[in-house]
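**Student:** Sharing a model prediction with you, sequence too.
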Amino acid sequence: MTDLPASYVEVHRYDGAVLQHGRREQVVPCAIQPRDFAIVRDVHRYKFLSAPQIAELWWPGRDLWCAQRRLHKLFKAGLLDRFRPVARRGSFPWTYHVGELGHRMLREGGALPPTARFRPRMVYDFGHVLHELHLNAWVLALRRAAGKRFLEWEGERTIEPPRQTREQMRHSIRHVYGDWTVHGMRDERERPIYPDAVLELERKDGDGYNTYLIEFDRTRRVDKNFEKFRRYDTFLTWWWNRTPEALDLDPPYVIFVCQEEEQLRAFVRAADHELTGHHWHASVAPEEYRFIGRERILFCLEWHAHAGNFVARRVPEFPPDHRGREPNVRGVRFLTSA
């Protein structure tokens, strides 16, 4: 671990820890500033944030103590709850999640729907929050490298397929644009996707932005991702084209963040067989079919972002049974220098 980037080692040293929960004898109200509201909103949006992660977002370049003092007040006021691993020496930073009064503040302030219910997070095993903490640390590493080009960060999101019109439902042929149609998808059902995060980054030339749907995988199990590969292939090849964004934006990228090299290679091998959907036209040769999923689904290693390396891999241009197949896995840089 000593050879790995410091920000990666910092977030991974929590593994297997026993928890200490923050306790308050009574609620001590405090005057709420606009920044306080935004902090509580961010903690709700990203589920769990450690004190250093909040400090990086809201006190950039300042001493951690500045953030810790304000976060302690928000905890005493009942807006945030907190816990941390028990350390044999020294102490770990607190990890924060939204408290009941913080949820009420967000609801009354319009950041949550009026009907949103508060569900307490009973965290007894730190392993249950490592997914979010590691994901958030990865996004922050990308944010540092992207600088001003980092435009937006949404937390976990459900993306539903748009409703089809009656005319679309009557036709079995799926038209995407002009006479181009969709063929070859392994799963033709239109089902929701659930990215762990949605990011928007300005392109280097300043001409618009790219959207990235992040799938952060800690399971290391390729068998749990076959369905995800098919869902994303159907989404990118077919029903993304019916969303309002398809009118003036390019399709989003999907990035699977893997833990280790062996896992990444297994994911790429599996995706090579699953990503078969393409846009077809009668007048073009098979070498001109457009395999959107194979172009837009990427795979990278978690620690690479912490080291400033934003090169990912994607499957060969064509699937295994295609006559134009060249079996080389391709590299792609999804973030260039800011």
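**Tutor:** Yep, that arrived.
**Student:** What ranges does the stretch 1-150 of the chain have for its helices?
**Tutor:** Remark: helices assigned in the stretch 1-150 of the chain by DSSP state H, counting those that start in this stretch are 6-12, 34-46, 51-58, 64-76, 100-108, 130-146.
**Student:** How confident is the prediction for Ala111, by pLDDT?
**Tutor:** Ala111 is assigned a pLDDT of 95 by the prediction.
**Student:** That one and Phe318: what is the separation?
**Tutor:** From Ala111 across to Phe318, the span is 46 Å (Cβ to Cβ, to the nearest Å). Placement of C-beta: from N, CA and C, glycine included.
**Student:** and those two? which has more neighbours close in?
**Tutor:** The neighbour comparison of Ala111 against Phe318 (other Cβ atoms under 10 Å) goes to Phe318, with 20 against 16.
**Student:** Please give me every residue in contact with the residue positioned nearest the centre of the chain.
**Tutor:** Closest residue to the average C-alpha location of the chain: Ala197 at 2.5 Å, with Cα atoms, centre = their mean. Going by Cβ atoms under 8 Å, 6 or more residues apart in numbering, Ala197 touches Leu135, Val139, Trp153, Glu154, Gly155, Glu156, Arg157, Leu213, Ile214, Phe216.
**Student:** Rebuild those as TSV, extending it with pLDDT, distance to Pro93 and secondary structure.
**Tutor:** Shown next, in TSV, are the contacts of Ala197 (pLDDT from 0 to 100; distance: Cβ to Cβ, whole Å; DSSP: H, G, I helix; E, B strand; the rest coil):
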residue	pLDDT	distance to Pro93	secondary structure
Leu135	97	17	helix
Val139	98	18	helix
Trp153	97	21	strand
Glu154	96	24	strand
Gly155	95	20	coil
Glu156	95	23	coil
Arg157	95	27	coil
Leu213	98	29	strand
Ile214	98	24	strand
Phe216	97	21	strand
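**Student:** Just the buried residues of these.
**Tutor:** Leu135, Val139, Trp153, Gly155, Leu213, Ile214, Phe216 (16 or more other Cβ atoms under 10 Å).
**Student:** Give me the buried stretch members for the host helix or strand of Asp233, please.
**Tutor:** Per DSSP states H and E, Asp233 falls inside helix 226-237. Across helix 226-237, burial judged by 16+ other Cβ under 10 Å covers Lys228, Phe229, Arg230, Arg231, Tyr232, Asp233, Thr234, Phe235, Leu236, Thr237.
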